[in-house]
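Student: Here you go, sequence then predicted model.
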Amino acid sequence: MDRSFQRIFVAGHKGLVGSAIVRRLRREGIEPLVVDRAALDLRDERAVDGWFARSKPDAVILAAAVVGGIHANNTRPVEFLLDNLRIQNALIPAAHTHGARKLVFLGSSCIYPKLAPQPIPESALLTGPLEPTNDAYALAKIAGIRLCQAFRQQHGFNAISLMPTNLYGPNDNFHPTNSHVLPGLIHRFHEARQAGASRVVIWGTGAPRREFLHVDDLADACTFLLTNYDSSEVINVGVGKDISILELAQLIARIVGFEGQIENDLSKPDGTPRKLLDVSKLAALGWRAQIGLEEGIRETYRWYCTHRVVK
């Protein structure tokens, strides 16, 4: 990566993505700038501006966000929309005002239309209706992309926007209802095995297909693109392969050691039928994901057992 970036602020350093980026930067010999939530509310524009004025980062990686799965998005749309807008609206202008040379904005594949072509090219943005179960989060991220583009257009600010696919890995949220699908399944299958349960119920038909990227691969892509990408256009970050939710559940059950039945709750929503990213633009720059799905889930399950399970 570009060694001229030494004062790199990682916003959201304790989350799934931010903590992975911190680990990656430290392997590069760079100690990132971080600030705890208790010391700085990233939704507070005045406080954020003051922190930037004092700290003067030369690069910013904006990984802070309110995130969650279908249930969390459906039940807390106000926070998913308003808090994410506040974070973006505070950090992006402050980064420009106080002299950061580059900003990396992390969005999400949910910005694309529900029925986008598969695999989804970056050009699909704003070409159709969003998936209703996560449209609040998606709209906030789309606004963040446009704000980055506006700062580049009006002020020449070097802000880039990365659109990761579904993420998982160490330090994920394994809450039984508020997590994303992969960590949520790890928790439920582990609990079922521990309890000797005969079945685990998964939401919907199990037919929707999803792509999963290990968060350490995303962190590597962030440092790669910090050096190698300078465009107003969004760029997808993924693996280029997907798996059905039922196949994912079967894989996790095998890794966890659950031997019971997997049943479907057809009263629950499936969400978007398929969400596979076209990663040809990123591949053309010379970057590809390195961590296979089974390998990554095994590592994530080991982390879960060590850090998240109360015996």
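Tutor: Here it is on my side, so go on. Numbers count the residues shown, from 1 in each chain.
Student: nearest spatial neighbour of Leu139, skipping sequence neighbours?
Tutor: Spatial nearest neighbour of Leu139, chain neighbours left out: Leu81 (6.2 Å); criterion: CB to CB, 6 or more residues apart in numbering. Placement of C-beta: from N, CA and C, glycine included.
Student: Might one say that that neighbour is in contact with Ile142?
Tutor: No: judged on CB atoms under 8 Å, Leu81 makes no contact with Ile142 at a distance of 10.9 Å.
Student: Out of the helices and strands in the chain, which is least certain?
Tutor: Within the chain, confidence by mean pLDDT, DSSP states H and E is lowest for helix 70-75 among all helices and strands, at a mean of 77.
Student: For that one, which outside residues touch it?
Tutor: Phe80, Thr133, Asn134, Ala136, Tyr137, Thr177, Asn178, Trp203, Pro269, Gly271 (CB atoms under 8 Å, 6 or more residues apart in numbering).
Student: Double-check Gly69 against Leu182; I have them as touching.
Tutor: No: shown here, Gly69 and Leu182 do not form a contact pair, counting by CB under 8 Å, at 9.6 Å.
Student: Could you give the separation of the helix or strand harbouring Ile262 from the chain centroid?
Tutor: Assigned by DSSP states H and E, Ile262 belongs to strand 261-265. Average the C-alpha atoms of strand 261-265, do the same for its chain, and the two points are 27 Å apart (CA atoms, centre = their mean, to the nearest Å).
Student: circling back to that earlier point, settle it for me: which of Gly69 and Leu182 has more neighbours?
Tutor: Remark: of Gly69 and Leu182, Leu182 carries more neighbours, 25 against 22, as counted by other CB atoms under 10 Å.
Student: Now that one: closest residue in space, sequence neighbours ignored.
Tutor: Tyr168 (4.4 Å).
Student: Test my guess that that neighbour contacts Thr300.
Tutor: Yes: using CB under 8 Å, Tyr168 is in contact with Thr300, at 5.8 Å.
Student: count of residues packed around the residue nearest to Leu139?
Tutor: Counted with other CB under 10 Å, residues neighbouring Leu81 total 19.
Student: where's it relative to Thr300, distance?
Tutor: For Leu81, the distance to Thr300 equals 29 Å [CB to CB, to the nearest Å].
Student: helix or strand right after the least confident helix or strand of the chain?
Tutor: Taking DSSP H and E, what comes next after helix 70-75 is helix 77-78.
Student: Does anything pack onto the helix or strand where Pro183 lies? Which helices or strands?
Tutor: Using DSSP H and E, the element containing Pro183 is helix 181-195. Helix 181-195 is packed against strand 166-168, strand 199-203, helix 245-256, helix 293-307, with contacts defined by 3 or more CB pairs under 8 Å, 6 or more residues apart in numbering; DSSP states H and E.
Student: and Leu276, which of these is closest to it?
Tutor: Checking these against Leu276 by CB to CB gives strand 166-168 as the closest, at 10.3 Å.
Student: partners of that closest one in the sheet?
Tutor: Partner strands and pairing direction for strand 166-168 (DSSP bridges) are strand 212-214 (parallel).
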